[in-house]
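Novice: have a look at this prediction, sequence included:
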Amino acid sequence: MPEKKSKILNSKNSLPRFIHLRVHSAYSLLEGALKIRQIIQHAISDHAPAIAITDTNNLFGALEFSQHCFTDGIQPIIGCQLAIDFEHENCDPRLIKPRNPSDFASIVLFAASEAGYAHLISLVSRAYLDKGDTDPPHIKADWLLSQNEGIIALTGGWNGPINLALVENKKERAVEHLTYLKQIFGDRLYVELQRHSSYDRKVEAALVELAYAHEIPLVATNEAFFLNKEGYEAHDALMAVAEGQIVSNPNRRRVTPDHYLKSQDEMVSLFSDLPEALENSVEIALRCHTFVPTRKPILPRFTERSVDSDSALEDEVKELLNQAKAGLKMRLETIGLAEGYTVEDYEQRLDYEISVITRMQFPGYFLIVSDFIKWAKGHDIPVGPGRGSGAGSLVAYALTITDVDPLRFSLLFERFLNPDRISMPDFDIDFCQDRREEVIQYVQEKYGRDQVAQIITFGKLQARAVLRDVGRVLEVPYRQVDYLTKLVPAMPGSNVELAMAIRDEPKFKEEKKKNPVIGRMLDIALQLEGLYRHASTHAAGIVIGDRPLSELVPMYRDPRSDMPVTQFNMKCVEQAGLVKFDFLGLKTLTVLKMATDFVARKGVKIDLSNISLNDETTYTMLARGETVGVFQVESSGMRKALIGMKPDRIEDIIALVALYRPGPMENIPTYNARKHGKEEIASIHPKIDHLVKETQGVIVYQEQVMQIAQVLSGYSLGEADLLRRAMGKKIHKEMQKQRTRFVNGAVDGGIDKDQADVIFDLLAKFADYGFNKSHAAAYAIVSYQTAYMKAHHPVEFLAASMTCDMTNTDKLNDFRREALRLGIEVVAPCVQTSCRVFEIGEKCIYYSLAAIKGIGDLVVDHIVACRGDKPFKDLEDFCERVDPRIVNKRAMESLIYAGALDCFQVAREVLLASLGTLNARAIRILDNNCSGQTDIFGMMDGPKEPLILSQASPWSLAEKLHHEFQVIGFYFSAHPLDEYQTVLTKKRVQNWSDFADAVKKGATAARLAGTVVAKQIRKTKSGKKMGVIQFSDTSGHYEAVIFSEVLSIYEDMLEPGKSFIVTVIAEDRSEGIGLRIETIQSLEKESIRDRKTMRLFIKSADILPQIEQHLKPGGNGEVAFILIQENGVREVEVVLSKRYKVNLQMANAIKAIHGVIDVELS
């Protein structure tokens, strides 16, 4: 940004009477309620030529504020309110007792010059980076001794060190602090006076006396947190949100109604008795004449041979040329030429790209990215083939940044780096999600930890969140807040503003009219919406500098990361000269790596970057829509599209990735019909038909728009990229300019003007939702790789997929069902065979112990280590070999519920009942081993204490499955609905998955079956009961609401483990499918009506009296006994003459009797 002199100095009018120096923007998180634009607009409307921001302990908004001021002709004053420690100047932060923000006084520092700004960003950075881990951000007083040049200081107002000392009647300390600051700042120190309340007035006389005594000028300030008096109530609520308090709490922190952005007139009136204090506010503004600098891109030098920048650029160009030419040669030797291209074609493209990269001075950027990608690949860390427009670069392909040949797929370099529009290249790189951090650590070590940082982001108070926050602090009943919050539409990918939701939803107005508290809540929420709630870090963005980053931008530390973070957001950090590199974690790469490692155990090495893209088996599987787990194409809609498309080439997958989005997906049926000859391809114009031949005459990609402009109207590809951008943004003036250019160029090429206009309109339509082909191609390749692995190595692929999604039980269940469909057994978790990951076997997958809830990695690793190569002989052996401190009672309980101890041939209910005994025994053995004692518990050759297990009532199947569900997250060994399949088929009950697909097509009602897995009872806004019930069926989980009329009948029955048939009404909402229960039928009762016969297979007639105790007469069911001899031969079958109430509960109870072999219901 060019240096701009103070508007105050340039003003022909008289000097202003007052300048605001203490303003907290929204970047004083949950403290300031002033947006940057509001602050500047106030200055403009109040005829103030300058204004400051002094956010608490940060410079988050400094560059944004500076730039907006520059645009609007206002002089920015860049300041910060900083906590300061006078007591521990030379102490190691680790040795200081943890402190709270209230333990620190604050001073205010302004950047009066470029040198002052440099010192200010350094001090603010050190406040975060050099503090103790548990301390709030603060500076130490002695830092100011060496970092004060160009800085103006204020003593800090009500929370300043002088004020606080005077309030505590410690005048000597006040004098000590004041003289210390004066020694440092000299005539750049001002004693700050505020008049918000009687608290300020309490020490004002003493402050003035001290200032005069030490010849320090006074300055009047008004610490502003909100715009006007009317904003006080909303700001008060904001402070309650910040502290997790309620507004009515009299003991919480609050400011006064006078902490608003006053006008000059108000401030002159307020300080009419101290005109010098007002004048000094203007004097400070006159002394502060710096803007936050913006810079051209700054990168570390990749080559160290050169001293000056010109020589460094020359060296980097030579290095890039050498690496690119060597890399291209390697690529062509190992992979070969794209069909229809020659070596000369590749070399010409490479030379052209390098010339553009050199002219734009970006060779270092390419070399840096190539370096860390080569390092990752050299350390066996999976890297994606490409992402975004970077896949369009042949230089990137030659440097192994990408693995997509841009000539093979007709990708355009100008879509990535346009010579007609200067902007930074931006490679987004996908790494294996488990090892991404290793690559970042490499970059830190190579360039210096103080030269590499993450980028800050800010979470906002958005419509739904702000309603919940405000409702809570105003003590509005939860049900009312929840009701209002859900009136705000949830639109994935976009945020609905509260004002718009209130405008479009009449129920808001109704509630506001009925209840003044709701009206107050909505008014406050509207004022707070859009303010920043918290700071976080960009998911992938990393910046790398050529010097310590705190010399360029202020730094921050996220307590959740050990890596520094810039205080400027992504947009501002780039304007400050730093270049962003995106290190993204892609789970699919982790899946592929694990799957290929599994395959390698069999001696088969797979290099996914070199597999054939014409594999028939892979395309056959895709054409059947069997894509569970396949990247990008596993949704039900994608499966349907694949079945219709029947892809047989990679170009089809690329097109589908691009087309399957709102808007373009309308063209999928056209694409499919033309592909299979059911519809002719309509000509756009003979000159350009070849450009859309690949996509069946449908304009799918942004690159096609660019190529059409090039061929038809003589655009360069750089110009065509500008046309594409103009069409996408729909800027009317620019569109008219481009239309003239396009049509004239087409006419010059012999095209009819009217036809050229029609083609321009067609391009404008498609450019609006055209997709980046480079990105589609790169991701289609990843999609194909996953499909290839699934088609050829399904066991390994599904085991890897389950491992990478082991915390997502819905996905695990999907993968398990897919495995069963493919004839792959998923072996239940077992301490004898299971490990931390989902292991592979011969046509089977061993369930992971770590996927069981309540079992951590430490427990799994310990069990596996104890097992070693010697399986546990029995339960007793298991208890003796594992450490009960690690495999504790809670872990054992989870193992029992999951069936992981079934291998010891002891019933789960018995194991659970004996848990105390087992644990006590294991502890005794451990204690004896640790103490070196030998007794009957620790000696193999002596008599052992017998292991006596407790008795327990047998679990019914429902009980067993309920416990399984608790720790696995779905029904594993069976599903409670399995017993009712005859009834469900007879009653034509749909499964949830099929109905969910049907709802997307317009279905609104169905009869579903489900086992209750969770139940919540709430109250509606009218005070009536309603239930939210979670069900499971064999296809997945779903949730439905049940209102008071139906709930009153069935509430007691709707318990976890019980199964029902429910009639539901469905509504396809933006946030998902909503279900309302209309009727309920107990499946157990329905099955009783349906069952006719129960056949009991028994070993001996001696158990008939026990069985008779469970038989309940009065039903219509027939009971038959079949006696089985020891050799398995049937001896006799007897049918009882009476009729009984035959049901599943009775069958399970009888089955648990010792001597009953099996029970059949029919």
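Specialist: Looks like it arrived, so ask away.
Novice: walk me through the domains of the protein.
Specialist: With domains defined by the TED database, the chain comprises 306-450+539-603, 604-786, 793-933+947-968, 978-1086, 1091-1161.
Novice: give me the neighbour count for the spatially closest residue to Asp652 that is not a sequence neighbour.
Specialist: Closest residue to Asp652 apart from its sequence neighbours, by C-beta to C-beta, 6 or more residues apart in numbering: Met645 at 5.9 Å. Backbone N, C-alpha and C define where each C-beta goes, glycine included. For Met645, the neighbour count with other C-beta atoms under 10 Å is 22.
Novice: so Met645 sits against Arg674, correct?
Specialist: No: if you go by C-beta atoms under 8 Å, Met645 and Arg674 don't touch, sitting 10.8 Å apart.
Novice: any chance of CSV for the domains of the chain, columns mean pLDDT and distance to Asn163?
Specialist: Shown next, in CSV, are those (pLDDT from 0 to 100; distance: least, C-beta to C-beta, whole Å):
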stretch, mean pLDDT, distance to Asn163
domain 306-450+539-603, 94, 26
domain 604-786, 92, 52
domain 793-933+947-968, 92, 51
domain 978-1086, 86, 49
domain 1091-1161, 79, 76
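Novice: which of the ones you listed sits closest to Ser248?
Specialist: domain 978-1086 (22.4 Å; C-beta to C-beta).
Novice: gap between the two ends of the closest one?
Specialist: 14 Å (C-alpha to C-alpha, to the nearest Å).
Novice: now swap in stretch 336-348 and tell me
Specialist: 16 Å.
Novice: if we can go back for a sec, who's in contact with the residue nearest to Asp652?
Specialist: Residues counted as contacts of Met645 (C-beta atoms under 8 Å, 6 or more residues apart in numbering) are 623, 652, 656, 668, 671-672, 675.
Novice: tabulate those (CSV), appending neighbour count.
Specialist: Output for the contacts of Met645, formatted as CSV (neighbours: other C-beta atoms under 10 Å):
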residue, neighbour count
Ala623, 16
Asp652, 23
Leu656, 25
Ile668, 19
Tyr671, 24
Asn672, 21
Lys675, 20
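Novice: tell me the one of those residues nearest Ala1147?
Specialist: Ala623 (44.8 Å).
Novice: and the helices in the stretch 851-1000 of the chain, which stretches?
Specialist: 857-867, 875-881, 889-898, 908-913, 915-931, 957-968, 981-986, 992-1000 (DSSP state H, counting those that start in this stretch).
Novice: can you tell which of these is closest to Val369?
Specialist: Nearest to Val369, of the helices of the stretch 851-1000 of the chain and by C-beta to C-beta, is helix 857-867 at 33.8 Å.
Novice: tell me how many other residues crowd the closest residue to Leu261 other than its chain neighbours.
Specialist: Nearest residue to Leu261, sequence neighbours excluded (C-beta to C-beta, 6+ apart): Ala224, at 4.3 Å. Counted with other C-beta under 10 Å, the neighbours of Ala224 add up to 27.
Novice: phi and psi next, for Ala224.
Specialist: phi -100, psi 130 (degrees, to the nearest 10).
Novice: so what's it up against?
Specialist: 20, 22-24, 34, 259-262 are the contacts of Ala224 under C-beta under 8 Å, 6+ apart.
Novice: give the buried residues for stretch 1136-1148.
Specialist: By neighbour count on 16 or more other C-beta atoms under 10 Å, the buried set for stretch 1136-1148 is 1140, 1142-1144, 1146-1148.
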